[in-house]
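Enquirer: Need coordinates for the following:
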Amino acid sequence: MEKTTHMLAVIDECGNRWECIVVYEDVPDKEKQFVIGGEWKQMVDARRIQQGDYLKIGAPAPRNNKTLYFSRKRV
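Expert: Numbers count the residues shown, from 1 in each chain. So this is what the prediction gives:
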């Protein structure tokens, strides 16, 4: 199993910045998986993200994937 960790800044629709950790796991004979940690849980709680909400996520420019922006659409 190969595991890699990346730091990622996520900026919400209000301009708040959340420092998150993304861990990718490549397990043989299975699909690749990832886990988001760091301040992700605080962001979910602060923005009141719920199961069923849609998140639109985008990067500001090609190859600049250390910062992502998102907006939420409630269902």
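Enquirer: Run a quick neighbour tally on Val10.
Expert: Number of residues near Val10 (other C-beta atoms under 10 Å) recorded here: 21. All C-beta atoms are positioned from the backbone trio N, CA, C, and that covers glycine.
Enquirer: ok, it touching Cys20?
Expert: Yes. Under the criterion of C-beta atoms under 8 Å, Val10 makes contact with Cys20 at 5.3 Å.
Enquirer: any residues in contact with both of these two?
Expert: Taking C-beta atoms under 8 Å, 6 or more residues apart in numbering as the criterion, Val10 and Cys20 both touch Glu39, Trp40, Met43.
Enquirer: which intervals of the protein have sub-threshold pLDDT?
Expert: For the chain, applying pLDDT under 70 flags the ranges 1, 62-65, 75.
Enquirer: can you give me the helices in it?
Expert: For the chain, the helices defined by DSSP state H cover 40-46.
Enquirer: At the geometric centre of it, which residue do we find?
Expert: When C-alpha atoms, centre = their mean is applied to the chain, the residue found nearest the centroid is Ile36 (6.0 Å).
Enquirer: ok, now which ones touch Lys56?
Expert: Here Lys56 is in contact with Phe70, Ser71, Arg72, Lys73 (C-beta under 8 Å, 6+ apart).
Enquirer: all strands in this structure, in order from the N-terminus.
Expert: 2-11, 17-26, 33-38, 54-58, 67-73 (DSSP state E).
Enquirer: Switch those over to CSV; also include distance to Arg48.
Expert: Formatted as CSV, the strands of the chain follow (distance: least, C-beta to C-beta, whole Å):
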stretch, distance to Arg48
strand 2-11, 15
strand 17-26, 14
strand 33-38, 17
strand 54-58, 13
strand 67-73, 9
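Enquirer: These: which one's closest to Arg47?
Expert: Evaluated over those, closeness to Arg47 peaks at strand 67-73, with 6.4 Å, by C-beta to C-beta.
Enquirer: Tell me the strands beside that closest one, with direction?
Expert: Sheet partners assigned to strand 67-73 using DSSP bridges are listed as strand 2-11 (parallel), strand 54-58 (antiparallel).
Enquirer: deepest of the ones you listed, which one?
Expert: Among the strands paired with strand 67-73, strand 2-11 has the highest mean neighbour count (mean count of other C-beta atoms under 10 Å), at a mean of 13.
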